[in-house]
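Asks: Sharing a model that was predicted from the sequence below.
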Amino acid sequence: MLLPVNDLEKTLHKAAADHNEAPAFYEELMESKIFVLGKPENDSKDGEFTLEEEQAVIIQHWEREADQSPVVPFFTSLQMLQHAIDTDEPYLELTTVDLFQLTMGAPLVLNPNSDFGMEFEPEDIAVLLDTDLMVNSEHVLDEQTEVLLGHAENVSEVFQSVLTNYFLKHSEVESAYLGTIQIPEDDDKEHLMVGIQGKGKFEKIIDTLIQKISLLEDDMMYETVDFYVIDQDDPDISEFMLENITPFYIAEERIVH
């Protein structure tokens with residue numbers, strides 16, 4: 001087995017051993033450069049290429065063994081690429097985001113012919129790119145809207161640990177709560193409600209959390225998760241959470257010893 005040679009491969013190995021580490025791997029993946037078999041469209045030379053802006057490229061496809069359908073291989077390092085092929089072939093180094101955008105709609109496979117392979121269907125890639133398949137919509141409640149609030153049940157440890165580990169990296173988050181909300185005129189099901197309390201703006205934090213939890217292969221009784229910023233969003237929801245729910249996360253500096 002090849003040893004990891006960069007941070008991306010280290011997080012991939014951790015995610016393979018512990019499902020709780022998967023969100024950290026996806027985050028690292030989307031911030032990394034990867035390797036793909038291919039070359040600029042109008043360049044006949046072999047070897048490594050540096051792409052110019054707006055330059056067209058040819059990206060190599062392989063076939064899946066199961067049904068011979070096309071799939072795009074890509075690799076976490078040059079070492080992994082060389083391990084997967086038998087002969088020298090031209091390759092490109094580019095960001096994961098660029099590759100996903102160039103191949104939108106096609107399935108991809110990471111590190112084929114290795115112990116740490118992973119397939120990405122178009123729907124998975126759309127989620128990672130934060131496209132229309134993952135929508136963060138804002139719902140404003142008026143005074144006449146009937147809202148049912150309650151305590152959350154059967155929230156998995158994986159879900160809570162993903163949120164907790166992310167909050168630990170953001171000092172603006174002081175505490176977080178888990179409850180439920182149901183708006184009968186919109187939906188007959190309860191939504192899991194995550195209340196965030198702190199100082200500053202939380203739009204980017206919430207967007208990132210939505211991406212992280214959308215990648216969890218975690219069974220929960222709640223199909224939808226709503227985020228609320230306590231003392232900034234609906235005051236009745238803020239009051240309910242602060243008075244009736246014990247926070248599942250409290251920043252270290254707020255803990256009284």
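Replies: Thanks, I have the structure now. Residues are numbered from 1 along each chain as shown.

Asks: ranges for the strands of the stretch 151-257 of the chain?
Replies: Assigned by DSSP state E, counting those that start in this stretch, the strands in the stretch 151-257 of the chain fall at 173-182, 191-198, 225-229, 249-250.

Asks: what residues does the third one touch?
Replies: The contact list for strand 225-229 (Cβ atoms under 8 Å, 6 or more residues apart in numbering) reads 139, 181, 191-197, 202, 206, 209-210, 213, 234, 237-238, 241. In this view, the C-beta of every residue, glycine as well, is placed from N, C-alpha and C.

Asks: Buried by neighbour count: which residues of stretch 98-114 qualify?
Replies: For stretch 98-114, a neighbour-count test (16 or more other Cβ atoms under 10 Å) marks 99-100, 102-103, 106-112 as buried.

Asks: what mean pLDDT would you report for stretch 121-133?
Replies: For stretch 121-133, mean pLDDT is 72.

Asks: nope, stretch 28-39 is what I was after
Replies: Stretch 28-39 shows a mean pLDDT of 92.

Asks: Check which helix or strand F100 maps to.
Replies: helix 96-102 (DSSP states H and E).

Asks: returning to that earlier point: go through the buried residues of stretch 98-114 and say which is closest to M118.
Replies: Sorting the buried residues of stretch 98-114 by how near they are to M118, with Cβ to Cβ, puts L110 at the top with 4.5 Å.

Asks: Contact partners for the residue lying closest to the closest one once chain neighbours are set aside?
Replies: Closest residue to L110 apart from its sequence neighbours, by Cβ to Cβ, 6 or more residues apart in numbering: M118 at 4.5 Å. If a contact means Cβ under 8 Å, 6+ apart, then M118 has 12, 109-111 as its contacts.

Asks: what would the strands of the stretch 151-257 of the chain look like in CSV with mean pLDDT, distance to E123 and mean neighbour count?
Replies: CSV is the format used below for the strands of the stretch 151-257 of the chain (pLDDT from 0 to 100; distance: least, Cβ to Cβ, whole Å; neighbours: other Cβ atoms under 10 Å):
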stretch, mean pLDDT, distance to E123, mean neighbour count
strand 173-182, 95, 27, 21
strand 191-198, 94, 22, 23
strand 225-229, 91, 18, 20
strand 249-250, 96, 30, 18
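
Asks: Out of these, the one nearest Y91 is which?
Replies: Closest of those to Y91 is strand 225-229, at 39.5 Å (criterion: Cβ to Cβ).

Asks: and the angle from that closest one to strand 173-182?
Replies: Per axes from the mean of the first three to the mean of the last three Cα atoms, to 10 degrees, the angle that strand 225-229 makes with strand 173-182 is 130 degrees.

Asks: how far does strand 225-229 sit from the chain's center?
Replies: 17 Å (Cα atoms, centre = their mean, to the nearest Å).

Asks: repeat for stretch 228-237
Replies: Taking Cα atoms, centre = their mean, one finds the center of stretch 228-237 at 26 Å from the center of the full chain.

Asks: Could you list the domains of the chain?
Replies: Domain segmentation of the chain under automatic domain parsing yields 7-128, 148-254.

Asks: residue contacts, G150?
Replies: Counting by Cβ under 8 Å, 6+ apart, G150 makes contact with 179-182, 190.

Asks: Paired strands for the helix or strand where it lies, with orientation please.
Replies: Under the criterion DSSP H and E, the helix or strand holding G150 is strand 148-151. Strand 148-151 sits in its sheet next to strand 173-182 (antiparallel), going by DSSP bridges.
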